[in-house]
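Asks: quick one: sequence and predicted model below, then my questions.
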Amino acid sequence: MLTISDLFDLSGKAALVTGGGIGIGQAICRRLAEAGASVMIADINIDAANETAELINQNECISRSCKADASLAAHAIQAVDDTIEAFGSIDILINNAGIYPASPFTETSKELWDKVIGLNLSGPFLFSQAAAQAMIKAGKGGKIINMASVDGIRPTGYMAHYNSSKGGVIMLTKALALELAPHNILVNALAPGGILTPGTVVTGEEMTKITGKTLEVFAGEMGNRMPLGRMGEPDEVARVVLFLASKLADYITGEVIVVDGGYLLK
Ligand code: NAD
């Protein structure tokens, strides 16, 4: 029987994390590296990706960074190639990069719709395809973990474009899990609730424009709507990603794990 530390051990595994420069993605990179994985941090913001890589490497863990726009097919192929070149394989893909600009439905432009769908839904399609092709060629299986959202399960307003993208991520997860299972590639998703990240601060400013509420009022209301009475921390999402990436979850595929402090219960 494997020991608890064996079950968490990701030594010898190479992970690619999109949007790993800040927020939830950064927390994921740190946990995967701590568990022994070599981590490629792919972010459109290369300075943030470099800073995260430095932080990780200071702790005697292994990471590299690359600039990638997660909505572009060519960047998906390049990031997978960069991971294999740096670490010899790609075993874990975390499709984390995403944006969530608020906009009332009747005022949402086609440009905004395309931008949100292009990154949040087409991005996981493109990166999963590039990674799955490499994983199948290597013949060692793999894990793909997609960042969905409670907004992909239940809408809250001003986010029809985002709700649609994350609902799509949930169905993409299930479809890929079915199709890639014969290759022992496991595909799962997380659906976080409100998590305090740099991105939610920016969105708080947008929220103020649209709803007239300050971030504090908005965050307080969000917190009050959660049975646990607070928003989540990025690491509370990263720990569940670590679980799915580890041997603890080797018989789970096509699932969506909700990490929301009970938000969907109300
Ligand atoms: P964040 O805005 O704090 O960080 C996002 C990261 O993605 C940044 O490093 C940014 O540079 C990068 N990024 C943005 N556009 C990119 C692109 N085109 N290509 C590559 N990288 C890009 O975001 P976050 O709050 O940490 O959210 C991360 C993921 O979790 C997103 O998919 C988001 O939808 C999802 N999520 C967040 C929350 C929350 O409350 N924060 C809740 C549910 C789901």
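Replies: Great, that's in hand. Numbers count the residues shown, from 1 in each chain.
Asks: start and end of stretch 206-222, how far apart?
Replies: Criterion CA to CA, to the nearest Å; first-to-last residue distance in stretch 206-222 is 16 Å.
Asks: pull out the buried positions in it.
Replies: 207, 215, 218-219, 222 (16 or more other CB atoms under 10 Å). Where you see a C-beta, it was placed from the backbone N, CA and C, and this is true even at glycine.
Asks: that stretch and the ligand in contact?
Replies: No. Counting by CB under 6 Å from any ligand atom, the ligand is not contacted by stretch 206-222; separation bottoms out at 8.6 Å.
Asks: and for stretch 25-42?
Replies: Yes. Counting by CB under 6 Å from any ligand atom, contacts between stretch 25-42 and the ligand involve residue 25.
Asks: number the residues from 29 up from this point.
Replies: I'll keep to 29 as the first residue from here, and by that count the last item is stretch 53-70.
Asks: starting at the chain centroid, how far to that stretch?
Replies: Distance of stretch 53-70 from the chain centroid (CA atoms, centre = their mean, to the nearest Å) equals 12 Å.
Asks: check stretch 198-206 too.
Replies: 15 Å.
Asks: for the lowest-mean-pLDDT helix or strand in the chain, which outside residues touch it?
Replies: Of all helical and strand segments in the chain, the minimum by mean pLDDT, DSSP states H and E falls on helix 243-252, at a mean of 74. Helix 243-252 is touched from outside by 222, 224, 228-229, 232-233, 235-236, 239, 241, 257-259, with contacts defined as CB atoms under 8 Å, 6 or more residues apart in numbering.
Asks: farthest-separated two in these?
Replies: Farthest pair in the contacts of helix 243-252 (CB to CB) is 233 and 257. Separation: 24.3 Å.
Asks: residue numbers of the protein in contact with the ligand?
Replies: Checking the chain against the ligand by CB under 6 Å from any ligand atom, the hits are 46-47, 49-53, 71-73, 76, 96-99, 124-128, 147, 175, 177, 220, 222-223, 225-228.
Asks: which among these count as buried?
Replies: Buried among the residues of the chain next to the ligand (16+ other CB under 10 Å): 46-47, 49-53, 71-72, 76, 96-99, 124-128, 147, 175, 177, 220, 222-223, 225, 227-228.
Asks: which element follows the helix or strand hosting residue 106 toward the C-terminus?
Replies: Applying DSSP states H and E as the criterion places residue 106 in helix 101-115. Later in the chain than helix 101-115, the nearest helix or strand by DSSP H and E is strand 120-123.
Asks: element containing residue 173, please.
Replies: Take DSSP H and E as the rule and residue 173 turns out to sit in strand 170-175.
Asks: residues making contact with the helix holding residue 106?
Replies: 42-44, 46, 66, 68, 70, 90, 92, 94, 96-98, 117-118, 151, 154-155, 157-159, 162.
Asks: tell me the mean pLDDT for the strand holding residue 173?
Replies: In this model, strand 170-175 has a mean pLDDT of 99.
Asks: packing partners for the next helix or strand after it?
Replies: Tracing the chain C-terminally past strand 170-175 and defining elements by DSSP H and E, one meets helix 188-208 next. Secondary-structure packing of helix 188-208 (3 or more CB pairs under 8 Å, 6 or more residues apart in numbering; DSSP states H and E): helix 138-148, helix 150-166, strand 170-175, strand 213-220.
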